[in-house]
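1. Structure for this input, please:
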Amino acid sequence: MYEGHWGVDYAMDVGSDVIVVADGVVTFAGTVAGMDSVTVDHGGGLRTSYSYLEAIRVRRGERVHRGDVLGTSGTDHGIAALHFSARVGKSYMDPSFVFTCTGGRLRLSPLGP
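-> From the prediction side, this is the model:
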């Protein structure tokens, strides 16, 4: 039903901790299209997914809290990255709306040379 690329890829060093953006329950922890992935249900119909993982450190049904480590980042097509997507119900949304700035710091990495 959903072909293509739904979400955002973030440049990350391979093996970096991938943390969950909000409290929730792990609804999927496994492989999709050859990539290790984790999906978390945050309630209210909101689900976030984390892909291109090198390792998964959570299990389906596990309760997680904002900042918990879900796994470590890996690669896609030889590029070190994390794929992050968000859905409300069955509809994908711009995942940047999931992030909030509540005293934390957001650091962006430049792309290219």
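2. which regions of the chain lie under the pLDDT threshold?
-> Regions of the chain meeting the criterion pLDDT under 70 cover residues 1-5, 97-113.
3. what sits against Ile79?
-> In this structure, Ile79 makes contact with Ala11, judged by Cβ atoms under 8 Å, 6 or more residues apart in numbering. Where C-beta positions appear, they are placed from N, C-alpha and C, glycine not excepted.
4. How about Asp41?
-> Counting by Cβ under 8 Å, 6+ apart, Asp41 makes contact with Gly24, Val25, Thr27, Arg47.
5. beta partners of Thr75?
-> According to DSSP bridges, Ala80 are recorded as the beta-bridge partners of Thr75.
6. what's the spacing between it and Gly44?
-> Taking Cβ to Cβ, to the nearest Å as the measure, Thr75 falls 33 Å from Gly44.
7. Settle it for me: which of the two has more neighbours?
-> For Thr75 versus Gly44, the count of surrounding residues by other Cβ atoms under 10 Å is larger for Thr75: 14 against 8.
8. pretty sure the more buried one contacts Leu82?
-> No - with contacts counted by Cβ atoms under 8 Å, Thr75 stays clear of Leu82, the gap being 10.0 Å.
9. which residues are in contact with both of the two?
-> With contacts defined as Cβ under 8 Å, 6+ apart, the residues adjacent to both Thr75 and Leu82 are Tyr52.
10. Can you show me the helices along this protein?
-> Along the chain, no stretch is classed among the helices by DSSP state H.
11. Can you pull up the most central residue in it?
-> In the chain, the C-alpha nearest the mean C-alpha coordinate belongs to Tyr50, at 2.3 Å (Cα atoms, centre = their mean).
12. if I read this right, Ser49 contacts Ser85, doesn't it?
-> Yes - A contact is recorded between Ser49 and Ser85 when judged using Cβ under 8 Å, the distance being 4.8 Å.
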